[in-house]
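A.B. asks: Just need the structure, nothing else, for what follows:
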Amino acid sequence: MIKIIFLGTGGSIPTPNRGMPSFMIQREGERILFDCGEGTQRQMMKARSGFMDISTIFLTHFHADHTLGLPGLLQTMSFQGRAEALHIYGPEFVEDFCSLLNRIGYLSLGFPVFAHQLKHDEVARFKGYSVQAFRTFHSVTAIGYALKEDLKPGRFNKARALELGVPEGPLFSKLHRGETVTVNGREITSAEVVGEPRPGRTIVYTGDTVASETFLPYLQGADVWISESTYSDDMADKATETLHSTAGTVADLAARAGVKHLVLTHISSRYSTDTTQLLEDAKKRFENTIVAEDFVEIEVQTDNLSSPY
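C.D. replies: Residues are numbered from 1 along each chain as shown. The predicted structure follows:
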């Protein structure tokens, strides 16, 4: 299961009901953080999401509303006895950013922190999934991320396995893992009882950016696209001026890319308590759209997304 927990869904400045940009992905027991705005650790405490064992943090860019929560989070981890290494990925200057924190004393920690720069189209590999960086278009150097799970084993045909004389138990597991087993002197291959491999899930996050057609290859068929929607369509000129996106433009891209679900975040304070206009603008072009709220959790199943909406 993949669970996405939205920790902060506001843009630029916090409001009483929206914190600064950040969300967590929980996958197979691993916690992965994307951006870390001011107050993120407190948001995690309120969400009861856990944070001591975060393995990796991905930063889209270095504007304050996406990074100011990082020093405090790291110090809290250290105060509470973390010993495992933490890996921070980001665009150009991520090493300088972490080095600066170290020089001013923020990273006098009880655990190592490793900074990794990701360039356009570079892929970071992890157990069971990869994260590909791609260029986005904001007022500073910025990147988006496409988290893609590896292929999953095909569906196990229990009835066929029993027909072939395979008893329920450990041999089922071996066959599902792709191994060949022997039953009553006969070899039975995995291909006889396991279907074709299934695609894993894909989650794309673009951070602060103007919506661009260059995102289409990374969005193609994604299960979830988490996109900024700072403005409604009637403020397109303001979006262009500030290098942000409108709800309608990202919804149009989602429809063209065959995205399954679009989640709007980085909501301007002008819509903090009423996102009706943003949702209406998006749904004119792409029906499977929701607006994220702080502490909302969505589960990404194969071919399905569950949320409290």
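
A.B. asks: domain ranges for this structure?
C.D. replies: Here the domain parsing of the chain from automatic domain parsing is 2-152+198-306, 158-192.

A.B. asks: hey, least reliable of those by pLDDT?
C.D. replies: Sorting the domains of the chain by mean pLDDT places domain 158-192 lowest, at a mean of 90.

A.B. asks: need the helices for the stretch 51-200 of the chain, in chain order.
C.D. replies: Secondary structure of the stretch 51-200 of the chain by DSSP state H, counting those that start in this stretch: the helices cover 64-67, 70-79, 94-103, 158-163, 170-176.

A.B. asks: Output those as CSV; include the columns mean neighbour count.
C.D. replies: Any C-beta I mention is one placed from the backbone N, CA and C, and that applies to glycine too. Converted to CSV, the helices of the stretch 51-200 of the chain look like this (neighbours: other C-beta atoms under 10 Å):
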stretch, mean neighbour count
helix 64-67, 21
helix 70-79, 18
helix 94-103, 15
helix 158-163, 13
helix 170-176, 16
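
A.B. asks: tell me the most buried of the domains of the chain?
C.D. replies: domain 2-152+198-306 (a mean of 19; mean count of other C-beta atoms under 10 Å).

A.B. asks: starting at the chain centroid, how far to it?
C.D. replies: 6 Å (C-alpha atoms, centre = their mean, to the nearest Å).

A.B. asks: if we can go back for a sec, could the helices of the stretch 51-200 of the chain go into CSV alongside distance to Glu293?
C.D. replies: CSV is the format used below for the helices of the stretch 51-200 of the chain (distance: least, C-beta to C-beta, whole Å):
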stretch, distance to Glu293
helix 64-67, 17
helix 70-79, 22
helix 94-103, 29
helix 158-163, 41
helix 170-176, 39
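
A.B. asks: Nearest to Val224, out of those?
C.D. replies: Smallest distance to Val224 across the helices of the stretch 51-200 of the chain (C-beta to C-beta): 19.4 Å, for helix 64-67.

A.B. asks: Identify the residue nearest Ile82 in space, chain neighbours excluded?
C.D. replies: You called it Ile, but residue 82 is Arg. Phe111 (4.8 Å; C-beta to C-beta, 6 or more residues apart in numbering).

A.B. asks: closest one to Phe137 among the helices of the stretch 51-200 of the chain?
C.D. replies: helix 64-67 (15.5 Å).

A.B. asks: what's that closest one packed up against?
C.D. replies: Applying 3 or more C-beta pairs under 8 Å, 6 or more residues apart in numbering; DSSP states H and E, one finds that helix 64-67 contacts no other helix or strand.

A.B. asks: a strand runs through Ile298, doesn't it?
C.D. replies: Yes - looking at Ile298 with DSSP: H, G, I helix; E, B strand; the rest coil, it is inside a strand.
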